[in-house]
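> the sequence and its predicted three-dimensional model are supplied below.
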Amino acid sequence: MSSETVVTRNAIQFTNDNKFAYAYSGIVGVDSTEETLIEFDTNSEYLDSKILMFNESGSGDDFRYKVKLNDIVVVSMYANSGNDFLLDTPIIMIIPPFTNVKITADNISSGTNRNHTANFYGKVGMAQRVGNE
């Protein structure tokens, strides 16, 4: 049912009309190893998407955030808890069909777990069929 909030780090959800896709990580502890916040695979659709990541810890730790498409880093950014640009600036990108998407965070200044969440939103589009006008 599309009115339910689904939290899963390893899947993407679609609205009943298949016009929108979304994923919510829930709270994930991020320590000194790269932690996956959200990971999913697209099918034949492409996604006009926005990605937001949030650090709720309030610590002064430094973090590295990455968005990977088929294990290729396409976005990498650095932030510390005193920097709120992650809340204000979504990552906007087109996700192509048949792509593995992975959003990660890594605490690069401490081995302590710091709570993070990530949200993914995408408008679903379908590629035009070859030979159709």
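Now that the structure is in, tell me what you want to look at. Source: prediction; values computed, not measured.
> which residue ranges form the helices in this structure?
85-88 (DSSP state H).
> show me where it has strands.
13-14, 20-24, 28-30, 35-41, 45-55, 62-69, 72-80, 91-95, 100-107, 114-126 (DSSP state E).
> can you add mean pLDDT and mean neighbour count and give those strands back as a markdown table?
To be clear about C-beta, it is placed using only N, CA and C from the backbone, and glycine gets the same treatment. Putting the strands of the chain into a markdown table (pLDDT from 0 to 100; neighbours: other CB atoms under 10 Å) gives the following:
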| stretch | mean pLDDT | mean neighbour count |
| --- | --- | --- |
| strand 13-14 | 92 | 16 |
| strand 20-24 | 94 | 19 |
| strand 28-30 | 91 | 19 |
| strand 35-41 | 95 | 20 |
| strand 45-55 | 93 | 20 |
| strand 62-69 | 94 | 19 |
| strand 72-80 | 90 | 12 |
| strand 91-95 | 96 | 15 |
| strand 100-107 | 95 | 21 |
| strand 114-126 | 92 | 18 |
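> what is the nearest residue to residue 27 once chain neighbours are set aside paired to in the beta sheet?
Leaving aside its chain neighbours, residue 27 sits nearest to residue 115 (5.1 Å; criterion: CB to CB, 6 or more residues apart in numbering). Counting by DSSP bridges, residue 115 is bridged to residue 29.
> confirm for me that residue 115 is in contact with residue 26.
No. Using CB atoms under 8 Å, residue 115 makes no contact with residue 26, being 10.0 Å away.
> still on that earlier bit, pull up the gap between the residue nearest to residue 27 and residue 79, please.
Distance of residue 115 to residue 79, computed by CB to CB, to the nearest Å: 15 Å.
> tell me the spacing between residue 98 and residue 20.
19 Å.
> check residue 14 too.
Residue 14 is 7 Å from residue 20, where distance means CB to CB.
> residues bridging contact with those two, i.e. touching both?
Listed as contacting both residue 14 and residue 20 by CB atoms under 8 Å, 6 or more residues apart in numbering are residue 124.
> quick one: contacts of stretch 102-112?
So stretch 102-112 is contacted by 25, 28, 30-39, 51, 53, 55, 59-68, 71, 78, 80, 113-114, 116, 118, 120 (CB under 8 Å, 6+ apart).
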